[in-house]
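**Student:** With the input below, show me the fold.
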Amino acid sequence: MKKSAAHRRKLTCMALFALICVDSRLIYAQKPAILKNVGIDQKMNAQVPVSVPFLDESGKQVTLSQYLGKPVILALVYYQCPSLCNLVLNGVVRSAKLINMTAGQEFDVVAVSFDPRETPEMAREKKKMILEQYGHPGSENGWHFLTGQQASSRMLADAVGFHYAYDSLSNQYAHASGIMILTPEGRVSRYFYGVEYPARDVRLGLTEASDGQISSPVDQILLFCYHYDPTSGKYGLVVMNLLRAGGGITVLCLAGLLFILMRHQPHKGAA
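**Tutor:** The predicted model follows:
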């Protein structure tokens, strides 16, 4: 009886496992067609199109080249997005508030709408809301909210590997969530996924993008101890670097100790 009950339990578990596998395959097969080409492909060191025209929140024609010269946090969003884009921008604000840098001084934030129907007025309203959250007086010149023609936003999105699609049924855009760090020359340096961007990672990303020009000694140590993992879009601890650093410190301490001992060792004549 015991063997028979155990056999039935085993068969039940196998049946449940098979059901789960079939279920997951059905879910994958039923994935909406619009999402098949949506996502973010990493294009490290890719050059963004710096001369493509956009409109800023005041309606003035601008290009990305006007915001370079310092590291840039780039967010591809659209301002009338009902959910995800707001979470992305709010995540940028939270990170920017926690790092010991100020937008407009050490770095800039550039949000670009990929919805050609959006206007500078919408961008201006979004900027006003974000600046209130950021709460740093005088940082208006560090936050930029752009709109433009579809050709411009599509060219920028393709350059950084950001793929989105318009759904006419819902009148919304299907897109992934994430931000990019650009170097002062306009090259893609880092990707951060999701809607939460750890302040430490963002600071290190900006420091790396600036080639150390805006970093503190602590940042340089952190950059030594942490490396960027492109699969997760985060920084992880590098054990080998820590071991090398520890070994170097040990050697220096031993050398110092030997030097002190040799200086205090009595000469033969004195002995």
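
**Student:** Going by neighbour count, list what's buried in stretch 177-194.
**Tutor:** Within stretch 177-194, the residues that count as buried by 16 or more other Cβ atoms under 10 Å are 177-184, 186-192. Backbone N, C-alpha and C define where each C-beta goes, glycine included.

**Student:** Please flag which of those sit within strands.
**Tutor:** Judged by DSSP state E, the subset of the buried residues of stretch 177-194 located in strands is Gly178, Ile179, Met180, Ile181, Leu182, Val188, Ser189, Arg190, Tyr191, Phe192.

**Student:** Hmm, Gly205 and the fourth one touching each other?
**Tutor:** By that I understand Ile181. Yes - with contact defined as Cβ atoms under 8 Å, Ile181 counts as touching Gly205 (4.3 Å).

**Student:** shared neighbours, those two?
**Tutor:** Here Ile181 and Gly205 have Pro71, Ser189, Arg190, Phe192 as joint contacts, going by Cβ atoms under 8 Å, 6 or more residues apart in numbering.

**Student:** Which one of those residues is nearest to Val109?
**Tutor:** Top of the list for closeness to Val109, among the shared contacts of Ile181 and Gly205 and by Cβ to Cβ, is Pro71 at 10.1 Å.

**Student:** From the structure, what's the count of residues near the closest one?
**Tutor:** Using other Cβ atoms under 10 Å, Pro71 is surrounded by 24 other residues.

**Student:** Likewise for Gly69?
**Tutor:** 11.

**Student:** Report the residue ranges of every domain in this protein.
**Tutor:** Following the assignment in automatic domain parsing, the chain carries domains at 2-30, 39-198.

**Student:** hang on, the earlier thing: in JSON lines: the ones in strands among the buried residues of stretch 177-194, plus pLDDT and distance to Tyr166.
**Tutor:** Converted to JSON lines, these look like this (pLDDT from 0 to 100; distance: Cβ to Cβ, whole Å):
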{"residue": "Gly178", "pLDDT": "93", "distance to Tyr166": "19"}
{"residue": "Ile179", "pLDDT": "95", "distance to Tyr166": "21"}
{"residue": "Met180", "pLDDT": "95", "distance to Tyr166": "22"}
{"residue": "Ile181", "pLDDT": "96", "distance to Tyr166": "27"}
{"residue": "Leu182", "pLDDT": "97", "distance to Tyr166": "26"}
{"residue": "Val188", "pLDDT": "94", "distance to Tyr166": "24"}
{"residue": "Ser189", "pLDDT": "93", "distance to Tyr166": "29"}
{"residue": "Arg190", "pLDDT": "92", "distance to Tyr166": "28"}
{"residue": "Tyr191", "pLDDT": "94", "distance to Tyr166": "23"}
{"residue": "Phe192", "pLDDT": "93", "distance to Tyr166": "25"}
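
**Student:** Which member of these is positioned nearest Lys43?
**Tutor:** Using Cβ to Cβ, the shortest approach to Lys43 within these belongs to Val188, at 5.7 Å.

**Student:** Would you state the strands of the stretch 151-271 of the chain in chain order?
**Tutor:** 162-167, 172-175, 178-182, 188-193, 226-229, 234-237 (DSSP state E, counting those that start in this stretch).

**Student:** Include distance to Thr102 when you put these into JSON lines, please.
**Tutor:** What follows is those, written out as JSON lines (distance: least, Cβ to Cβ, whole Å):
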{"stretch": "strand 162-167", "distance to Thr102": "27"}
{"stretch": "strand 172-175", "distance to Thr102": "29"}
{"stretch": "strand 178-182", "distance to Thr102": "16"}
{"stretch": "strand 188-193", "distance to Thr102": "19"}
{"stretch": "strand 226-229", "distance to Thr102": "23"}
{"stretch": "strand 234-237", "distance to Thr102": "22"}
